[in-house]
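> Quick one, what's the 3D model for this:
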Amino acid sequence: MRLEITCDDRLGLAQDVLQILRDREIDLRGIEVDPKGKIFLNFPEMEFTEFQHLMPEIRRIPNVKDVKTVAFMPSEREHYEFSLLLNKLPDPVLSIDARGQIDIVNEAAHLLLSDTREPLSGTAIAHWVSGFNVTRWLERQPTEPHTHQVTINGAKYFAELMPIWVAGEESNDSFAGAVLTCKPQPLSGQWQRGGQHDAFTQILGEHASMKRVINEARRVAELSVPLLITGETGVGKELLARACHQASQRASQPFLAVNCAALPDNVAESELFGHGKGSLGPHTEAKKGIFEQANGGTVLLDAVGEMSNSLQAKLLRFIQDGKFRRIGEEQEVAVDVRIICSARDDLLERVDAGVFREDLYYRLNVLSLQLPPLRERKADIHLLAEHFCLQACQRLGRSLVLLTRDCRDLLQRYQWPGNVRQLENVLFRSISMLEGDRLTASDIYLPETEALQENLAVDLEEGSLDEAVKKFEATILRRLYPSYPSTRQLAKKLGLSHTAVANKLREYGIGKQRKKPRVTTVSK
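Next up, the predicted model:
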């Protein structure tokens, strides 16, 4: 039972109220005094006959204006409001005391730290978070916020630590611990002011191959010569190109990306190099191309292998001279642009097939970076999955979703022909359709690999041994080709020569087979 007593301030008034409760031997559970003139009492339920005598007795106390029952104490309302607000936050948030013991966790933090429903309060933060000694930081009784990269369940996060100081009398403040918030990216200004900002932190990867690529990218980012980034679809070529631009001296200048495969031949030259007034029709105005718009910055030519032969010739001339002519104009335009190109791993094969100019290939391939496919760095799948899961929850405005063990196992086993982009899209779709807070293997939709593969069993009842061997061979190649679309990759996987695999793919009609066109040359 809870009472609200409205009164005027008077010395000893609360003592008079408590004396009545003592005289009636009522067990007081709590008392709260509001400076605005209210006293709240919390005590066990009592019989109506006894209660009807208690109320008038309290009203007769001098300066008491009114007494009525209420449903809750002010602190109880604040507690439930606080819990509701805290659990609605998509970011994991937890409070730790001065000794590094967890006091309060919201739902997102509970799901991030543990896949069980066991309470986390009272456990040491060091048991759950590694990569930064939070306990030692607390021992210094810090006064300023701090941001540091930490590891939780194998995934990388940025922990924002806010120290808690409780104000005491005569400015004697006491250190009470800290509030820790986990974020997938370093969003705080303090992190960047501390000089720890790195353009490549957005590229997640703990596998040795990814660390090697990122270290190489840091070295080539400052150079202004052409850069070729190769890799399968969805590995993050544009993300790496943007990071190279942001880490260079051109970071304050434009970064423009052009998808060469999506540009029709009749507009590609105009988009890249621009055109003069009236050159494309009597009413057309002059237009600057991508290279002029990005003057001083960087241009990413995505899917450069799909560029037409005529456009390849003009691009080659521009790379050699740094100058070009707009369509319909005679005057040359000079711009300072760094060119970064991205292509699939089959660009050299396109050169061999005569589809891509060899001289342009070597002009673009001054510096090169090759991003490995996700199936070759499976150690990063869990790290990326946790990151995309948290990112999806933030975009959807919902509490953090937990990836169960069977879900992680499924993601780890899958070959990911669409690489990192496919992983991100699969998780976003699954989380957007999820009703609970745990993502299981049954909630993940992935193309059935069995549906894409033929049965490896070979019927020996019909045909010769040679026919059965060829059928079995073709089945294996069809099974592996979606995951290894480059003949060089497939040859490495099977331990065969590039020529042998290319001949077998051609024999069985697997993949895209192109005729070798004639290569044209342009004299300067």
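> ranges for the helices of the stretch 351-500 of the chain?
Ranges of helices in the stretch 351-500 of the chain, per DSSP state H, counting those that start in this stretch, are 358-364, 381-396, 405-413, 419-433, 449-452, 465-480, 487-494, 498-508.
> Tell me which of those helices approaches Ile61 most closely.
Ile61 sits nearest to helix 381-396 of all the helices of the stretch 351-500 of the chain, at 53.4 Å, using CB to CB. Just so you know, the C-beta spots here come from the backbone N, C-alpha and C atoms, and that holds for glycine as well.
> Name the surrounding residues that touch that closest one.
90-91, 108, 112, 153-157, 184, 204-206, 374, 399-401, 403, 408, 411-412, 416, 420, 423-424, 427-428, 431-432, 439 (CB atoms under 8 Å, 6 or more residues apart in numbering).
> List the contacts of Phe48.
Counting by CB under 8 Å, 6+ apart, there are no residues that Phe48 touches.
> coming back round to it: for the helices of the stretch 351-500 of the chain, which one sits closest to Tyr80?
Between Tyr80 and the helices of the stretch 351-500 of the chain, the shortest gap by CB to CB is with helix 381-396, which sits at 23.3 Å.
> which residues touch the residue lying farthest from the centre of the chain?
Here the chain reaches farthest from its C-alpha mean at Arg60, the gap being 64.6 Å by CA atoms, centre = their mean. By CB under 8 Å, 6+ apart, the contact list for Arg60 is empty.
> on that earlier part again, for the contacts of helix 381-396, I'd like a selection string for ChimeraX - just the buried members, please.
Only the buried entries of these go into this ChimeraX selection, using 16 or more other CB atoms under 10 Å:
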select :90,91,108,112,153,155,156,157,184,204,205,206,374,399,400,401,403,408,411,416,420,423,424,427,428,431,439
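> Domains in the chain, by residue range?
Domain ranges of the chain: 2-76, 89-193, 203-365, 374-446, 452-508, per automatic domain parsing.
> Start and end of the third one, how far apart?
Okay, so that is domain 203-365. Using CA to CA, to the nearest Å, the span of domain 203-365 from its first residue to its last is 22 Å.
> distance between that domain and the chain's centre?
Centroid separation between domain 203-365 and its chain, computed with CA atoms, centre = their mean, to the nearest Å, is 26 Å.
> What mean pLDDT does it get?
Computed over domain 203-365, the mean pLDDT rounds to 88.
> If you drop the residues flanking it in sequence, what lies closest to Asp173?
Counting by CB to CB, 6 or more residues apart in numbering, the nearest residue to Asp173 once its immediate chain neighbours are dropped is Trp165, at 4.7 Å.
> Next: Ala71.
Per CB to CB, 6+ apart, closest to Ala71 is Arg2, 7.0 Å.
> Which secondary structure state is assigned to Leu223?
Of the three states, Leu223 takes coil under DSSP: H, G, I helix; E, B strand; the rest coil.
> so how far is Cys244 from the closest residue to it other than its chain neighbours?
Distances taken as CB to CB, 6+ apart put Leu367 closest to Leu223, at 6.6 Å, once the chain neighbours are dropped. According to CB to CB, to the nearest Å, Leu367 and Cys244 sit 10 Å apart.
> Can you pull the residues that touch both of these two?
Common neighbours of Leu367 and Cys244 are listed as Val220, Leu227 (criterion: CB under 8 Å, 6+ apart).
> who's more crowded, these two?
Higher neighbour count among Leu367 and Cys244: Cys244, with 28 against 18, using other CB atoms under 10 Å.
> Val336 touches Val299, doesn't it?
Not quite, residue 336 is Asp, not Val. No - using CB atoms under 8 Å, Asp336 is not in contact with Val299, being 11.2 Å away.
> Those two: which is more packed in?
Val299 (24 against 13).
> Next up, the contacts around the more buried one.
Counted by CB under 8 Å, 6+ apart, Val299 has contacts Leu256, Ala257, Val258, Ile290, Phe291, Val337, Arg338, Ile339, Ile340.
> how about 6 Å then?
Applying CB atoms under 6 Å, 6 or more residues apart in numbering, one finds that Val299 lies in contact with Leu256, Ile290, Val337, Ile339.
> cool, Phe43 as well?
Taking CB under 6 Å, 6+ apart as the test, what Phe43 contacts is Met1, Ile26, Leu28, Arg29.
> most surrounded residue in those residues?
When neighbours are counted by other CB under 10 Å, Ile26 leads the contacts of Phe43 with 17 neighbours.
> Just list the residues touching that one, thanks.
Contacts of Ile26 (CB under 6 Å, 6+ apart): Phe43.
> all strands for the stretch 1-150 of the chain, in order.
Counting by DSSP state E, counting those that start in this stretch, the stretch 1-150 of the chain has strands at residues 2-7, 30-34, 38-42, 64-70, 93-96, 102-105, 146-152.
> Minimum distance to His283: which of those strands has it?
That would be, of the strands of the stretch 1-150 of the chain and by CB to CB, strand 146-152, which comes in at 55.4 Å.
> Extract the CA atoms of the helix or strand just after that closest one and return them as PDB.
Next helix or strand after strand 146-152 toward the C-terminus (DSSP states H and E): strand 155-166. Output in PDB follows, covering the C-alpha atoms of strand 155-166 (Å, rounded to 0.1, in the frame of the first residue of the first chain):
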ATOM      1  CA  ALA A 155      33.800  -9.400 -32.700                       C
ATOM      2  CA  LYS A 156      35.300  -5.900 -32.700                       C
ATOM      3  CA  TYR A 157      33.400  -2.900 -31.200                       C
ATOM      4  CA  PHE A 158      34.300   0.600 -30.000                       C
ATOM      5  CA  ALA A 159      33.600   0.900 -26.300                       C
ATOM      6  CA  GLU A 160      32.700   4.500 -25.200                       C
ATOM      7  CA  LEU A 161      33.400   4.800 -21.500                       C
ATOM      8  CA  MET A 162      31.800   7.700 -19.500                       C
ATOM      9  CA  PRO A 163      33.000   8.100 -15.900                       C
ATOM     10  CA  ILE A 164      30.400   8.500 -13.200                       C
ATOM     11  CA  TRP A 165      31.000  11.100 -10.400                       C
ATOM     12  CA  VAL A 166      28.400  11.600  -7.700                       C
END
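> Can you give the strand pairings for strand 155-166, parallel or anti for each?
strand 146-152 (antiparallel), strand 174-183 (antiparallel) (DSSP bridges).
> CSV for the domains of the chain, including distance to Phe82?
Output for these, formatted as CSV (distance: least, CB to CB, whole Å):
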stretch, distance to Phe82
domain 2-76, 10
domain 89-193, 9
domain 203-365, 33
domain 374-446, 16
domain 452-508, 50
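> how much space between Ile152 and Val235?
25 Å.
> Of those two, which one has the most company?
Val235 (28 against 18).
> hang on, isn't that one packed against Gln370?
No - Val235 is not in contact with Gln370 according to CB atoms under 6 Å; the separation is 9.3 Å.
> Asp27 versus the closest residue to Gly289 other than its chain neighbours, what's the distance?
The shortest distance from Gly289 to any non-neighbouring residue, by CB to CB, 6+ apart, is to Gly274 (3.4 Å). Gly274 is 86 Å from Asp27, where distance means CB to CB.
> same check, this time on Tyr508
86 Å.
> who's more crowded, those two?
Taking other CB under 10 Å, Tyr508 and Asp27 do not tie; Tyr508 has more neighbours (16 against 7).
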